[in-house]
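A.B. asks: model the following, please.
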Amino acid sequence: MLSRCQPAVNYRIGVVAYSRFSYGRKNGYVKVISDLGTDFEEMSAILFKIPSRIEKGDQFVGSALFTCLKKISWSKDPNALKVIFLVGNGDVRLGPDDVERVTERLVANKIILNTIYCTVPGERKAIHGWKKLAEMGNGKMEVMSLRNRYFDRLAGFDLQLFRALNRKFNHTYLHYGLGGYKRWKTIINEDNHIFVTNTEGYRYRSLYKISDDYQKKNHHWDLVDMYYKNPVAFMDVERKYLNDSCRKMYNEELRNYIIYKKYERKKLSAMIADMIAEKELKERAQGLVTEKTMATLDVISMRMLRELLKSKNVILPAI
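C.D. replies: Alright, predicted model coming up:
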């Protein structure tokens with residue numbers, strides 16, 4: 001959704017996980033999954049590999065926030081919007097780091113702290129600590145339930161056609177280099193993961209993939225994006241890392257194939273965008289467009305972020 005901001009924004013996202021025994025007590029059961037960056041595909045791939053089962057690990061919120069403060073590469077730009085979304089439950093005061101003192105240091109560094117409390121049956125006292133942290137951190141607190149289920153109103157939208165277009169789009173990427181095939185497979189795997197769990201998220205992911213935030217940004221492993229950057233660089237790539245078809249081509253054949261895939265990608269991008277735009281137009285015409293109120297992490301976090309972006313005169317579309 002951030003790729004649809006008006007005007008466009010330059011944003012980075014990072015993830016810090018906590019309360020897992022496997023992360024080690026000496027680390028406060030905290031681990032930096034991904035520093036602030038724009039390689040969201042790789043970040044998502046790492047997150048999908050984290051087992052969904054709950055590990056017995058102390059919830060050291062103070063340690064988690066201290067890690068955010070010290071080990072995340074925050075922007076030095078005084079006008080940058082710096083935000084933490086703290087998600088979890090339990091007593092925020094556990095652990096070796098004083099959570100209130102850490103929060104004060106976050107505020108001193110102009111980092112806003114929002115808290116999202118995950119409800120647990122029988123546990124109500126701890127929620128006050130989460131509310132206090134949000135107040136101290138110049139942010140807001142929201143509550144969500146882990147039992148929520150997504151509802152995606154397709155309203156005649158041809159999901160299978162959309163998925164077929166997306167698969168063709170993925171095959172316009174021509175991997176090269178030692179890690180190229182792995183990055184290409186990551187695209188496929190991420191699409192499959194999100195399609196199964198959240199078809200609406202699958203559409204949003206497709207919008208991201210055809211946006212300026214993603215297009216022409218994969219020149220380090222994709223021949224098409226490399227061609228945009230340097231039209232002759234493809235001649236120097238090691239053929240053994242190309243797919244079977246490209247590996248056997250002469251330079252002129254390969255150039256023509258790259259150009260063909262370049263224009264095929266443009267065509268498919270337009271078709272994907274048209275399908276989504278048509279769905280949105282139909283929903284508006286039928287009066288079905290309503291802002292989501294379900295208490296799920298994406299809806300809550302984007303709602304919080306939308307309010308913060310208003311202060312920067314940036315409009316973030318509703319979801």
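A.B. asks: how much space between residue 140 and residue 106?
C.D. replies: As for residue 140, its distance to residue 106 is 15 Å (criterion: C-beta to C-beta, to the nearest Å). No exception for glycine: its C-beta is placed from N, CA and C like everyone else's.
A.B. asks: show me which of those two is the more surrounded one.
C.D. replies: Set residue 140 next to residue 106 and count neighbours by other C-beta atoms under 10 Å: residue 106 wins out with 23 against 18.
A.B. asks: list the buried residues in the strand or helix carrying the more buried one.
C.D. replies: Assessed by DSSP states H and E, residue 106 sits inside helix 99-108. Across helix 99-108, burial judged by 16 or more other C-beta atoms under 10 Å covers 99, 102, 103, 106.
A.B. asks: contact partners for residue 58?
C.D. replies: 19, 25, 29, 94, 95 (C-beta atoms under 8 Å, 6 or more residues apart in numbering).
A.B. asks: may I ask you to name the longest helix in the protein?
C.D. replies: If you go by DSSP state H, the chain has its longest helix at helix 251-285.
A.B. asks: which helices and strands does that one pack with?
C.D. replies: Applying 3 or more C-beta pairs under 8 Å, 6 or more residues apart in numbering; DSSP states H and E, one finds that helix 251-285 makes contact with helix 159-170, helix 199-209, helix 223-229, helix 244-247.
A.B. asks: which residue lies nearest the spatial centre of this protein?
C.D. replies: residue 40 (5.2 Å; C-alpha atoms, centre = their mean).
A.B. asks: quick one: neighbours of the residue lying closest to residue 44 once chain neighbours are set aside, just the number.
C.D. replies: With C-beta to C-beta, 6 or more residues apart in numbering as the criterion, residue 44 has its nearest non-adjacent residue at 5.4 Å, and that residue is residue 190. By other C-beta under 10 Å, 19 other residues sit near residue 190.
A.B. asks: now for the stretch of helix or strand residue 190 belongs to, which elements pack on it?
C.D. replies: If you go by DSSP H and E, residue 190 is part of helix 180-197. Under the contact criterion of 3+ C-beta pairs under 8 Å, 6+ apart, helix 180-197 touches helix 40-49, helix 159-170, helix 199-209.
A.B. asks: for the next helix or strand after the first one, C-alpha coordinates in CSV please.
C.D. replies: Scanning forward in sequence from helix 40-49, with DSSP H and E defining helices and strands, the next element found is helix 61-71. The C-alpha trace of helix 61-71 is given here as CSV (Å, rounded to 0.1, in the frame of the first residue of the first chain):
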residue,chain,number,x,y,z
VAL,A,61,9.9,-5.8,25.7
GLY,A,62,12.6,-3.5,27.0
SER,A,63,15.3,-5.6,25.4
ALA,A,64,13.4,-5.6,22.1
LEU,A,65,13.0,-1.8,22.1
PHE,A,66,16.7,-1.4,23.1
THR,A,67,17.7,-3.5,20.2
CYS,A,68,15.5,-1.3,17.9
LEU,A,69,17.3,1.7,19.3
LYS,A,70,20.8,0.4,19.0
LYS,A,71,20.9,-2.1,16.2
